[in-house]
Each structure stands twice: as C-alpha cells, then as structure tokens.
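Q: Here is my input, please return the structure:
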Amino acid sequence: GGMVRYVRSSVMEVLGQDYLRTARAKGVSAFKVINKHALKNALIPVITIAGLDIPILIGGAVITESIFQWNGMGQLTIQAIFSRDFPLLMGVNMLAALTVLTANLWSDVMYAVVDPRIKYD
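A: From the prediction side, this is the model:
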C-alpha cells in the first residue's frame with residue numbers, strides 16, 4: 001500500500017511537467033503519455049524507496065518469525081543470539097549485508113534502465 005502511494009504521488013508530480021503538456025499538445029494519447037513518459041520518470045523515487053525497504057524487510061523477518069514461530073533466517077538469528085553462537089551470527093550478518101548491497105546495486109542499475117540520462121562510467 002505504501003509503495004502505491006509513492007507511485008501515485010510521483011506520477012501526479014510528473015504529470016504537471018512541461019514535456020508532458022507538449023506531448024499532449026502533439027496529440028499523443030493519454031495512455032502513452034502516462035505509461036511511456038510519466039511513469040518512467042516517476043519510477044526513480046519509487047526505485048529508491050524499494051531499495052531502502054530491503055533492510056527493513058530483513059529486520060522485520062526476525063520479529064515476524066519469532067512471533068509466529070516460523071523457521072527461517074530470523075528464527076536462526078534469535079537462536080544464535082541466545083546460544084551465543086558468534087560464527088553463525090557473523091554469517092547471518094554477512095548474508096544480510098550482501099543482500100543490502102545487492103539491493104543497492106539493483107537500485108543503481110535500475111536508475112540507468114529507467115532514465116537514459118543517468119550513465120555510469
């Protein structure tokens with residue numbers, strides 16, 4: 001639900017831009033104006049938010065799995081904390097860090113895919 005609000009507010013902000021008014025004045029259909037022009041430019045903040053949500057999801061897994069007694073990485077982390085299994089904790093933290101780094105890399109690559117003005121050397 002939160003992501004839909006970000007998409008909606010980004011699209012509403014982009015719809016007021018001059019280049020979209022020009023596209024409408026040229027006779028481009030409303031469907032193409034929104035889906036081809038507005039949505040691509042509105043996705044940049046949404047990609048940022050999606051990349052930042054990954055660590056929150058990992059942290060939330062610990063709480064959710066503890067409450068509902070589901071077996072998973074969160075439950076494994078809690079068991080490792082209580083049994084003072086430091087190598088396992090370091091491995092779980094390394095996996096979480098790699099996931100966050102992968103999410104950040106994904107966000108950066110998606111910026112370049114969505115907006116051709118963004119180029120990486």
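Q: what residues are up against the residue nearest in space to the middle of the chain?
A: Nearest to the geometric centre of the chain sits Ala50, at 1.2 Å (Cα atoms, centre = their mean). Counting by Cβ atoms under 8 Å, 6 or more residues apart in numbering, Ala50 touches Met3, Ser107. Bear in mind the C-beta positions are built from the backbone N, C-alpha and C, glycine included.
Q: Look at Arg5 and report its pLDDT.
A: On pLDDT, Arg5 comes in at 90.
Q: continuing past whichever strand or helix holds it, what's the next helix or strand?
A: Assigned by DSSP states H and E, Arg5 belongs to helix 2-15. Per DSSP H and E, the first helix or strand lying C-terminal to helix 2-15 is helix 18-25.
Q: Averaging pLDDT per element, find the lowest-scoring helix or strand in the protein.
A: The helix or strand of the chain with the poorest confidence is helix 39-68; it has a mean of 84 (mean pLDDT, DSSP states H and E).
Q: what does whichever helix or strand comes after that helix contact?
A: Next helix or strand after helix 39-68 toward the C-terminus (DSSP H and E): helix 73-83. Residues from elsewhere that reach helix 73-83 (Cβ under 8 Å, 6+ apart): 58, 61-66, 69, 85, 88-89, 92, 95.
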